[in-house]
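Visitor: From the sequence below, what's the structure:
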Amino acid sequence: MPVLLVFGYWSGRFIGNRFLLNLISSDSLFPLLISRPVDQFYEIALLLNSRNPYSRLSGYYSLLDNKMINTQFLMERFQKEENYTIKRSILWILSFSDDTGDVLRFYSSIFSRNDPLMKDILVLMKRIDRDYFMKFIEKNKIDNTVMP
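Guide: Numbering: from 1, shown residues only. I've put the predicted structure just below:
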């Protein structure tokens, strides 16, 4: 019986946390109809889905402030965003993710020598994992003139 109670408690916490993350990262506000909305989460969802780029930027920073970094969501949003400042901020916010392997692979996949974000990507890569960064530089033959 105690095992069942412990299992129920932890599964409820997990499902509840996932539900809140999906509430924030989805384009639909439908989950608000079946839950008691928390103003903070509702406001973040509105900010992230706003047409105003500065409101979206505030939403991304709110995710970081509330320790709700969903790497897959942010990677998808990076691809959709057109604003340079927002893209740069998303890259920076991703560097605080616990899922460093996925973040480093994402940085590698979007890296381009002609991209204005190139130096930012290198700096963030170096901050997350210096060994990965050194291997990446060697593999891609990046010289010192490009280095941050």
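
Visitor: What ranges in this protein fall below the confidence cut-off?
Guide: 1, 4-5, 11-39, 144-148 (pLDDT under 70).

Visitor: how does it divide up, domain by domain?
Guide: 1-68, 69-148 (automatic domain parsing).

Visitor: Tell me, how many residues neighbour the nearest residue to S108 once chain neighbours are set aside?
Guide: In this structure, S108 finds its nearest non-sequential neighbour in F136, 6.4 Å apart by CB to CB, 6 or more residues apart in numbering. To be clear about C-beta, it is placed using only N, CA and C from the backbone, and glycine gets the same treatment. For F136, the count of nearby residues is 19 (other CB atoms under 10 Å).

Visitor: Does F136 lie in a helix or a strand, and which?
Guide: For F136, the host element (DSSP states H and E) is helix 130-140.

Visitor: what's the answer for M75, then?
Guide: Using DSSP H and E, M75 falls in helix 71-80.

Visitor: Packing partners of that helix?
Guide: helix 53-65, helix 84-94, helix 100-110 (3 or more CB pairs under 8 Å, 6 or more residues apart in numbering; DSSP states H and E).

Visitor: Recalculate using a threshold of 7 Å.
Guide: helix 84-94, helix 100-110 (3 or more CB pairs under 7 Å, 6 or more residues apart in numbering; DSSP states H and E).
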